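> How does the following fold in three dimensions:
(2 chains)
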Amino acid sequence: MIQKEKLFQEIIVDNQERIFRICCYYSKDAEERKDLFQEMLINIWSSLKNFKGESALGTWIYRVSVNTALNFVKKELRYNQHFEKLDIIQSDKYLKYEDDSYNKEFEEKLNILLSQINQLSVIDKVIISLHLEGLSGKEIAEVVGVTEPNIRVKIHRIKSQLKEELKGIII
Amino acid sequence: MKDSNNLQAPNFKKLDAPQIEQIVDVLKQNDTKRKRVLKILFLVFSVAILVYFVSILIKDYPFTKISQVLIPNLVLVIMLIGLLLIYPVVLKLFQTDFSRPVLEMLKRAEKKYKFIDSQWIIFLIIILIVDLIISIIFKLFFNSLNWSTEKIVLISFSIFIPLLLTVIIWIWYSWKKYQLPLKNEIRRMINEIEDIN
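So this is what the prediction gives:
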């Protein structure tokens, strides 16, 4: 149990920003993002017993995060309404927003990009979000469960599509 | 894996060590609560089976002549013990492993949302066995009333068939309303991933 706690703490300290960024691709709403972030933490905790070191820890974290996000999308589809908030973790207590490093122009561009990514299909969103996170084609292939060359082709197609749609807006 | 600098989470403030410790505490408490609930359920169910078993033995004591009621009752006890033993295994089967590749997860989820699968066949077999046992108990119990076998079978069926139909219709309705759209959406995602290959 102590080893599990230690590993969990290490994972969260090292990867919390990455995990939170994944949330941003799947929800526009700040509160929903926090809920999704909580779910990801819970699933990382409960899946830790299954981590055998067969894949890199980073890939493993992305798998849990992406699968949680897809599950979240499914639930949204199911209830077609906002989720009832989990009260086991009071997210406001842990997640805070700071205004001092606020870069309005950057955030506007980011929001345009995110909203364009949000127009993509769920699977395209999974692939491009992992690509934007800096994962290699091999790592994305491991997360999704397909071959690397096909992922490369898919990324190229999505990029072209995004470039076309964002022409004159932020490019 | 390089950290991407071109896209950052807007206004995200990192969790510090004490906050993570608090999260770990909440998660640990949750684990403990769940384990405790399962343990209590297991104990209550075990005690109930034991009490039932003792009561049917007392009824037949001093065993000079074992009654015909004892046999179906013992079968029922064995079935309940079996259910008790397979419960943790079934519980594990239904737990989702979020660390599997996306395609594998989606395929498992699609299987879970199927209307008819092997679980249904097991469910029907259990219902039939329970019906059979209760029919035997009914027959033995109502023998003193001189009821015919046909009448007992009719009573037994008149209870179980509408019950079974109600359960099936209710499951089918909720599956169609809630799970079928999800299953279709999951299938769409699987097709999309498989089209990549």
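> For the rest of this, base every contact and every neighbour count on C-alpha atoms.
OK.
> and the longest helix for chain B?
Of all the elements of type helix in chain B, the one with the most residues (DSSP state H) is helix B:17-60.
> what number of residues lie near A:E39?
Counted with other CA atoms under 10 Å in any protein chain shown, the burial measure for A:E39 works out to 19 neighbours.
> I'd like to check which residues are in contact with it.
Contact criterion CA atoms under 8 Å, 6 or more residues apart in numbering or on different chains gives A:T68 as the residues in contact with A:E39.
> how much space is there between the residue most central in space within chain A and A:V64?
Within chain A, the residue whose C-alpha comes closest to the C-alpha centroid is A:I22; the distance, by CA atoms, centre = their mean, is 1.5 Å. As judged by CA to CA, to the nearest Å, A:I22 and A:V64 stand 11 Å apart.
> tally of neighbours for A:N67?
Neighbour number of A:N67 under other CA under 10 Å is 26.
> A:H156 too?
Applying the criterion other CA under 10 Å, we find 13 residues in the vicinity of A:H156.
> quick one: buried residues of stretch A:142-161?
If you call a residue buried by 16 or more other CA atoms under 10 Å in any protein chain shown, then stretch A:142-161 has these buried ones: A:E142, A:V143, A:V144, A:G145, A:V146, A:E148, A:N150, A:I151, A:R152, A:K154, A:I155, A:I158.
> tilt between the longest helix along chain A and helix B:17-60?
What stands out as the longest helix in chain A, according to DSSP H, is helix A:2-26. Taking axes from the mean of the first three to the mean of the last three CA atoms, to 10 degrees, helix A:2-26 and helix B:17-60 form an angle of 110 degrees between their directions.
> picking up where we left off before, and the buried residues of stretch A:142-161 near chain B, which?
Intersecting those with the contacts of chain B gives A:E142, A:V143, A:V144, A:G145, A:V146, A:N150, A:I151, A:K154 (criterion: CA under 8 Å from any CA of the partner chain).
> Low-confidence regions, chain B specifically.
Within chain B, the stretches with pLDDT under 70 are B:1-13, B:16-18, B:63-69, B:117-119, B:138-139, B:141-147, B:149, B:197.
> Please repeat the previous calculation with a cut-off of 50.
Per-residue confidence for chain B (pLDDT under 50) gives these ranges: B:1-8.
> Could you pull out the helices in it for me?
With DSSP H as the definition, chain B shows helices at residue ranges B:17-60, B:70-93, B:102-112, B:118-142, B:149-174, B:180-196.
> Contacts (any at all) between chain A and the first one?
Yes - in this structure, helix B:17-60 sits against chain A according to CA under 8 Å from any CA; the contacting residues are B:A17, B:Q19, B:I20, B:E21, B:I23, B:V24, B:V26, B:L27, B:N30.
> Show me just the buried residues among those.
Burial by neighbour count, judged by 16+ other CA under 10 Å, picks out B:I20, B:E21, B:I23, B:V24, B:V26, B:L27 from the residues of helix B:17-60 next to chain A.
> A:Q9 is in contact with the first one, correct?
Yes - with the criterion set as CA atoms under 8 Å, B:I20 and A:Q9 qualify as a contacting pair; they are 6.5 Å apart.
> quick one: pLDDT of A:D92?
You'll see A:D92 listed with a pLDDT of 39.
> Name the next helix or strand downstream of the least confident helix or strand in chain A by mean pLDDT, please.
The element with the least model confidence among the helices and strands of chain A, by mean pLDDT, DSSP states H and E, is helix A:91-94, at a mean of 37. Once helix A:91-94 ends, the next helix or strand along the chain (criterion: DSSP states H and E) is helix A:104-118.
> what about A:I123, helix or strand, and which?
Element membership of A:I123, judged by DSSP H and E, is helix A:122-132.
> Alright, that wraps it up for me.
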